[in-house]
Every structure is written in structure tokens, then in C-alpha cells.
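>>> How does the following fold in three dimensions:
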Amino acid sequence: MLFTTHSLGGEIVGHLLRLASNPGYNHSLLPGVRLLRANAALERTPVLYEPCIVFVCQGRKRGFLGDAVFVYDARHYLVLSVPLPFASQTEASADEPMLAISMKLDFKLLAEVMLTLSRQKPAGYAAPASMVSTPIDEALSEAILRLVKILGSALDCQVLGEGIIKEIYYRVLLGEQGEALRAALDNQGHFGQIARAMQKIQQQFSARIDVTELAANAGMSIPAFHAHFKAVTQSTPMQYLKSTRLHQARLLMVRSGLSAAEVAIRVGYESPSQFSREFKRLFSRSPRQEAVRMRDLLQVKAALAWPDYITLEE
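Reported below is the predicted structural model:
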């Protein structure tokens, strides 16, 4: 299909400036839709995104996964089909804050759209990808504008919200990486088996995880499981588990004010000293320093919305 790159901005930015008044994540009247704002540039830092679509309407973000760099800005949106740790960098200023929309994937709603599309002959094939950056076209841009227009009205959201979100899913699935996203979310093949293993790790990150059991559940040998897991995440299963625990620990400290020792036990560490060492190795700061830095940076108190990281609960 003919694909013309379009740009978000203008009227959409005007709405977001009003709706997203605080730095970090601002909850909206639609479940799963959050508005992001950054009033200053954020250095490259480890993050953990849940499966989502991110539209940056002003400013720019870069995602770093292995050797790949993904740009998402007013002309490109980001799609993550699995919970994924990577590094993120934000370009923003007080005069031109970074403004974005994050849509947590509603797999039930997405499946309805995919079912309709599956009745059509696929336009082509793209290998499943855990993370993709794709150009925005005019039809998708118009759908996003309609979305932000209703976010100021609870009644509009109740009546029109699901239909607009389904249209956005439809436009994304028809986009440049639509076939890859469909394959990724179809839970078939090696990608689907690894995605299920990742979901189990996310759900049980504080428990003991047996890689042998994960491989057996995926129907793979241990070497094959490791190879396919690394192809999806750019890490080993145990590195992925460790990263998940450390991100969840940072989230807990910022939102609840718990100490590093308390958080270490909650996320599955038996040794607080080992937790502190590994935390500093990932974030380049001690747990306490990182929690204080993030609170100061976001100008928010514990228990408020948290930017860029997977949340424990909505």
C-alpha cells in the first residue's frame, strides 16, 4: 500500500498542553490511555515498557535495544508487543516540552480487530518484532486528533472512546509494521512461545524462576529457548528477570518510599547487599540516590503516576 509520512502536532499539541499539566504520566479518562510530559531533556536511562503504543506529538524520544536505535517523534510512533527493558532518551525543554500519548495494549480489543483483518489476504510478511518504530500516516494522525479531543469529556470517552481506540489499532495494524505486530500478538511460533514465557516472568518476578521449566513449557530445549529468548529481548532469561526485579524495585521506592532493604525482599532478592550492587550497576546510582533523583526530576510525590516504566497496578 502507498504510505505517506505524516506529522503529529498543531491542534493535538494544544490539547495535550492542557490535558498533561504535570511532568511524568498523567492519567486520562480512558482506561489504559496516559499522557506523558517532560519539561526537560532526560538522559539515556534504563526503562521497562509494558506492551503499548506510544505517539510522541512534540519533542523526541529514542529507544536503544542492543545495537538498534528506535526514534519515536511527531513522525514516528513506537509499538511494543511484549514487556521489554531497554534504554530511553528524551529530547525536551521548558519552552517545548515532550508531549506524548501512551496506549496500553488492550489485547481483547486488539484481537477483535485482528480477527476481522485475518479474513483478508495478508499484504505481505514481516518477521515478528518485540519493538518497532513506524512512520505515521494521515489517517492515523486524524484518529489521534479525535482521541485527544474527547479526553476532556467523560461522556465522550464513554460513548466514543472504544471506537476510536479500535480505529487506532486498525490503522496501526495496516501500517508498515502491521504484519509483524499481528504475528507477534498471534501467540504462534517461537515468538509467541517466548512472549508467554516473558509474561510468566512478569507475573511471578518475585518468585524463584526455573529456566528449565520455562523451556519445557515452551516446548524447546534449553539452548533453543535461550537463543530465541535473546532474539526477542537481547538478553538471557535470567538477565531479563533481574532487570524486571530492579525496575519494579525502583518503582516501589519512588511510589511507596520503602527502603532499599525492604524493596529487595519484596522483589525476590535474598541479599540486600547484592540487590544494591546490581541496582547500582544498572542505574549507575545507589537505590536511595536514584529514588530521590527521580522524585526531584518528576516533581511528584510518591504514589503518583510514574513515567516510562511498567506499573504494578492501575
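>>> can you pull the pLDDT of the residue nearest in space to the middle of the chain?
A centroid search over the chain (C-alpha atoms, centre = their mean) returns residue 49, at 2.9 Å, as the residue closest to the centre. If you check residue 49, the pLDDT there is 92.
>>> give me the beta-bridge partners of it?
Under the criterion DSSP bridges, residue 49 forms beta bridges with residue 84.
>>> surely it meets residue 84?
Yes: with contact defined as C-beta atoms under 8 Å, residue 49 counts as touching residue 84 (5.8 Å). From N, CA and C alone the C-beta is placed, and that goes for glycine too.
>>> Setting aside sequence neighbours, what's the nearest residue to residue 157?
Taking C-beta to C-beta, 6 or more residues apart in numbering, and ignoring the residues beside it in sequence, residue 157 has residue 29 as its nearest neighbour in space, at 4.4 Å.
>>> can you give me the helices in the stretch 201-314 of the chain?
For the stretch 201-314 of the chain, helices defined by DSSP state H, counting those that start in this stretch occupy the ranges 211-217, 222-233, 237-256, 260-266, 272-283, 287-298.
>>> ok, now the stretch 51-200 of the chain?
Secondary structure of the stretch 51-200 of the chain by DSSP H, counting those that start in this stretch: the helices cover 107-118, 138-150, 154-174, 178-185, 189-203.
>>> and among those, the most buried is which?
Compared across those, helix 178-185 shows the largest average neighbour count, a mean of 22 (mean count of other C-beta atoms under 10 Å).
>>> Rounded mean pLDDT for that one, please.
Model confidence over helix 178-185, given as mean pLDDT, is 69.
>>> Give the buried residues for stretch 274-286.
When neighbours are counted by 16 or more other C-beta atoms under 10 Å, the buried residues of stretch 274-286 are found to be 275-276, 278-279, 282-283.
>>> Could you save these as JSON lines and add columns showing distance to residue 133?
Formatted as JSON lines, these follow (distance: C-beta to C-beta, whole Å):
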{"residue": "275", "distance to residue 133": "33"}
{"residue": "276", "distance to residue 133": "35"}
{"residue": "278", "distance to residue 133": "30"}
{"residue": "279", "distance to residue 133": "29"}
{"residue": "282", "distance to residue 133": "24"}
{"residue": "283", "distance to residue 133": "25"}
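>>> Could you point out which of those residues is nearest to residue 189?
Sorting the buried residues of stretch 274-286 by how near they are to residue 189, with C-beta to C-beta, puts residue 282 at the top with 30.9 Å.
>>> so residue 43 is in which element?
Using DSSP states H and E, residue 43 maps to strand 42-49.
>>> how far off helix 287-298 does that strand point, in degrees?
An angle of 110 degrees separates the directions of strand 42-49 and helix 287-298 when computed by axes from the mean of the first three to the mean of the last three C-alpha atoms, to 10 degrees.
>>> What is strand 42-49 packed up against?
Here strand 42-49 touches strand 84-91, helix 237-256, helix 272-283, going by 3 or more C-beta pairs under 8 Å, 6 or more residues apart in numbering; DSSP states H and E.
>>> Format the CA atom coordinates belonging to it as PDB.
Taking C-alpha atoms only, strand 42-49 is exported to PDB below (Å, rounded to 0.1, in the frame of the first residue of the first chain):
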ATOM      1  CA  LEU A  42      16.200  13.200  30.100                       C
ATOM      2  CA  GLU A  43      19.500  11.400  29.800                       C
ATOM      3  CA  ARG A  44      19.700   7.900  28.400                       C
ATOM      4  CA  THR A  45      18.400   5.700  31.200                       C
ATOM      5  CA  PRO A  46      17.100   2.100  31.600                       C
ATOM      6  CA  VAL A  47      13.400   1.800  31.300                       C
ATOM      7  CA  LEU A  48      10.800  -1.000  31.200                       C
ATOM      8  CA  TYR A  49       7.800  -0.500  29.000                       C
END
